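*Asks:* Below: sequence and its predicted model.
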Amino acid sequence: MFQNKDTYTFLLDGKTIPFTEEQTIIQAAMAAGEYIPHLCFNPEFKPHGSCKICTVSANGRQTASCTQQPQAGMVVESNTPQINGERLALLQMLFVEGNHFCPSCEKSGDCQLQATAYEMNMMSSHFDHFFPDRPVDASHPEYLLDFNRCILCSLCVRASSDVDGKDVFSLAGRGIKTRLIVNAESGRLADTNFSGDDKAAHVCPVGVIIKKRVGFAVPIGQRSFDEHPISFTPHPALKDN
Ligand code: FES
């Protein structure tokens, strides 16, 4: 099928996007400089396909663009009122399922959940807040875990397992009871071999894994999404490319 890779294209919101055999829809879109909202996808890792924020319509069928490979001539719609409305509802559910207090969070301005919510024009949480009781883990000398902000993207799980070879984190439970846990008998980060040099220490798209004693080091106004919306900001993993 891919004898001449350069000739394969699909349409994304009317724009022609070239793709290769290895790419999913979102990977091809990113390579072409086009933004499809996403949270659990990170170009450095295998897709997880869990948050569904990246859902698009591909030839009329809704699918996660981070796991779906394109086909030549495929018509993909992403930036439509209906799809963005569904993304907004998913984001609102994420906001009420955890405890996200952006004004006091040091990741404000650097948070993909917050930035994506701005992108989708989210003005309120809409649903009733769950206000779950989730203690923080401050046991580690260098890092704090604030589970209140977790969106279950599994990026720390994948980074620790696939890159660090450590399996410090896991997702446990099912459905609404799914939660991020630390793989230690005590459940405490201090009782693992987690290190600040780990990839897992640097992939959280929200504010769960926080380095201690450097809080608010980057002033508001100079953070990733302060000057430009996330749709105009290259993914952190692509910034040096
Ligand atoms: Fe595709 Fe989360 S980014 S499902």
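*Replies:* Structure's in. What do you need?

*Asks:* and residue 49, what is it in contact with?
*Replies:* Applying C-beta atoms under 8 Å, 6 or more residues apart in numbering, we find residue 49 in contact with 40, 64, 66, 67. The way it works is simple: take the backbone N, C-alpha and C, and place the C-beta from them, glycine included.

*Asks:* any idea how far the last one is from the ligand?
*Replies:* Pointing back at residue 67 there. Going from residue 67 to the ligand by C-beta to the nearest ligand atom, to the nearest Å gives 7 Å.

*Asks:* Can I get stretch 21-30 in PDB? Just the C-alpha atoms.
*Replies:* The C-alpha trace of stretch 21-30 is given here as PDB (Å, rounded to 0.1, in the frame of the first residue of the first chain):
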ATOM      1  CA  GLU A  21       2.700   4.200   7.200                       C
ATOM      2  CA  GLU A  22       3.900   4.600  10.800                       C
ATOM      3  CA  GLN A  23       1.800   7.600  11.600                       C
ATOM      4  CA  THR A  24      -1.600   7.900  13.200                       C
ATOM      5  CA  ILE A  25      -3.900  10.800  12.300                       C
ATOM      6  CA  ILE A  26      -2.700  13.000  15.200                       C
ATOM      7  CA  GLN A  27       1.000  12.200  14.500                       C
ATOM      8  CA  ALA A  28       0.600  13.200  10.800                       C
ATOM      9  CA  ALA A  29      -1.400  16.300  11.800                       C
ATOM     10  CA  MET A  30       1.300  17.400  14.300                       C
END
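
*Asks:* which residues are contacting that stretch?
*Replies:* 1-2, 5, 10, 12, 17-20, 31, 35-36, 38, 41, 43, 47, 54, 56, 58, 63, 65-70, 76, 78, 235, 238.

*Asks:* Tally up the residues packed near the nearest residue in space to residue 84 that is not next to it in sequence, please.
*Replies:* Among residues not flanking residue 84 along the chain, residue 120 sits closest, at 5.8 Å (C-beta to C-beta, 6 or more residues apart in numbering). Per other C-beta atoms under 10 Å, the neighbour tally for residue 120 reads 19.

*Asks:* doesn't residue 39 make contact with residue 120?
*Replies:* No. Look at residue 120 against residue 39 with C-beta atoms under 8 Å: they stay out of range, at 11.5 Å.

*Asks:* residues contacting residue 118?
*Replies:* Contact analysis of residue 118 by C-beta under 8 Å, 6+ apart lists 225, 229, 230.

*Asks:* All set, thanks.
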